[in-house]
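> The sequence isn't on hand, but the structure is:
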Ligand SMILES: [Zn+2]
């Protein structure tokens, strides 16, 4: 009896501790995505192609894909993030598996006229932005775990996380 209840108590503590860190991860994920989106918005005041919400969403999706696919490998994430800008500008020679350019008829449909980006000043700004996130890769990798996100969405619906968002 005693042993059992100790075990249960210990399990409970572990579950609570784990949930706590899961919540933190989820909050970090929202926070990071928001930070990234915010940076793109800020950049849109100078780079007018970013005023297009579809373009911003596309860049953000590339970013989130990389984060999710990197699992917990921060080196992979850092190197993938640095390749996104090339991808956006139509060079897919170094793209990872997140890129769909290998499928026939690939067109970046969400970019203006379905064509890669062309603005050079924007390119420099994007490179700076992704460089910044590549530098934080080791903090970003944990938010990529979909299992954690699924679990947390199920157990803690969004409204409970309001304070974190
Ligand atoms: Zn690509």
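Arrived safely. Please read all numbers here as calculations on a predicted model, not as lab measurements.
> From the ion, how far out is the spatially most central residue of the chain?
Nearest residue to the geometric centre of the chain (C-alpha atoms, centre = their mean): residue 64, 2.8 Å. Between residue 64 and the ion the distance is 15 Å, computed by C-beta to the ion, to the nearest Å. Bear in mind the C-beta positions are built from the backbone N, C-alpha and C, glycine included.
> Next, the contact list for residue 119, please.
Neighbouring residues of residue 119 by C-beta atoms under 8 Å, 6 or more residues apart in numbering: 47, 49.
> mind running it again at 10 Å?
Taking C-beta atoms under 10 Å, 6 or more residues apart in numbering, we find residue 119 in contact with 47, 48, 49, 50, 89, 125, 126.
> Show the subsequent helix or strand relative to whichever strand or helix holds residue 41.
Assigned by DSSP states H and E, residue 41 belongs to helix 2-43. Once the chain leaves helix 2-43, the next helix or strand it forms, by DSSP H and E, is helix 53-69.
> count of residues packed around the residue lying closest to residue 138 once chain neighbours are set aside?
Leaving aside its chain neighbours, residue 138 sits nearest to residue 74 (4.1 Å; criterion: C-beta to C-beta, 6 or more residues apart in numbering). Applying other C-beta atoms under 10 Å, we find 17 residues neighbouring residue 74.
> give the contact list for residue 74.
Residues in contact with residue 74, defined by C-beta under 10 Å, 6+ apart, are 134, 136, 137, 138, 139, 140, 141, 142.
> swap the cut-off to 8 Å and go again
Contacts of residue 74 by C-beta under 8 Å, 6+ apart are 137, 138, 140, 141.
> what do you get for residue 73?
Counting by C-beta under 8 Å, 6+ apart, residue 73 touches residue 141.
> Now with 10 Å, please.
By C-beta under 10 Å, 6+ apart, the contact list for residue 73 reads 79, 80, 137, 138, 141, 144.
> and the second one, how far is that from the ion?
So the one you mean is residue 80. Per C-beta to the ion, residue 80 is found 11 Å from the ion.
> thinking that residue is in contact with residue 71, fair?
No - applying C-beta atoms under 10 Å, one finds residue 80 not in contact with residue 71, separated by 11.4 Å.
> neighbour count winner among the two?
residue 80 (27 against 14).
> Show me what from the protein comes close to the ion.
Neighbours of the ion within the chain, by C-beta under 5 Å from the ion: 87, 92, 95, 99, 101.
> Number of residues surrounding the residue nearest to residue 63 when sequence neighbours are not counted?
Distances taken as C-beta to C-beta, 6+ apart put residue 36 closest to residue 63, at 5.8 Å, once the chain neighbours are dropped. Number of residues near residue 36 (other C-beta under 10 Å) recorded here: 21.
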